[in-house]
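> Here is the input, now give the coordinates:
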Amino acid sequence: MPGRGGGGGRRAPHTPQSLKQLAGALPTTAWRTVTWREGTRGAMRSRFARLRVRPAHRDEERPAPRPEEWLLIEWPRGDAEPTKYWLSTLPVTTPIADLVRLAKLRWRIERDYQELKDELGLDHFEGRGWRGFHHHGALCIAAYAYLAAERARLSPPAPLAFLRAPRLPKGFTPRGAPGPA
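Sure thing, here's the model as predicted:
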């Protein structure tokens, strides 16, 4: 089929590869152990590799290839093959630790969505119209934004900082204590 727009299509050969084959062909030096956050049972870490790829989007007739993207691959030690893959359009200069941290934010998004439903009633709408649902959703999200801002403002600067007793003001005398001598 001739290319659209008179360009005649891409001239370079287009040979897609499976992600599994691509990950298996990487040298051992391509893999890095990355810690992305502290969990309830210690540091959360796994092995990752990254490389620049041009995703195959079934657009062989496109006159120019798509721009390169990051392919991030997770292959935990002890597993027979890689377990997860992500594509990212972040800049070429993005460190692997940032790619991993952003890829692993999914748990936070799911937790926030669950909180929107459970605590703020996002799933309690029983109307029929789009306008009513839109108003309900907008109010739930506004309430969530307020709560998130308050949490950020009130959160302790260090873990368990709220357990430390505040300093007493200079010259403080407890009630019932004898005055200064």
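> Break this structure down into its structural domains.
By the assignment in automatic domain parsing, the chain contains the domains 19-104, 109-155.
> what's the most buried one of the ones you listed?
Looking across the domains of the chain with neighbours counted as mean count of other C-beta atoms under 10 Å, the highest average goes to domain 19-104: a mean of 13. (Each C-beta comes from the backbone N, C-alpha and C, glycine too.)
> The domains of the chain into JSON lines, with extra columns for distance to residue 171 and mean pLDDT?
Below are the domains of the chain laid out as JSON lines (distance: least, C-beta to C-beta, whole Å; pLDDT from 0 to 100):
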{"stretch": "domain 19-104", "distance to residue 171": "41", "mean pLDDT": "89"}
{"stretch": "domain 109-155", "distance to residue 171": "29", "mean pLDDT": "88"}
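> export those domains to a markdown table and tack on distance to residue 178?
Below are those laid out as a markdown table (distance: least, C-beta to C-beta, whole Å):
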| stretch | distance to residue 178 |
| --- | --- |
| domain 19-104 | 48 |
| domain 109-155 | 38 |
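> Those domains: which one's closest to residue 170?
Closest to residue 170 of these is domain 109-155 (C-beta to C-beta; 26.1 Å).
> okay, which residue is most central for this structure?
The centroid of the chain falls nearest to residue 105 when counting by C-alpha atoms, centre = their mean (2.4 Å).
> what about that one, distance to residue 98?
From residue 105 over to residue 98 the distance is 11 Å, taken as C-beta to C-beta, to the nearest Å.
> for the chain, which strand is longest?
strand 42-53 (DSSP state E).
> helices or strands up against it?
With contacts defined as 3 or more C-beta pairs under 8 Å, 6 or more residues apart in numbering; DSSP states H and E, the packing partners of strand 42-53 are helix 19-24, strand 32-39, strand 69-74, helix 96-103.
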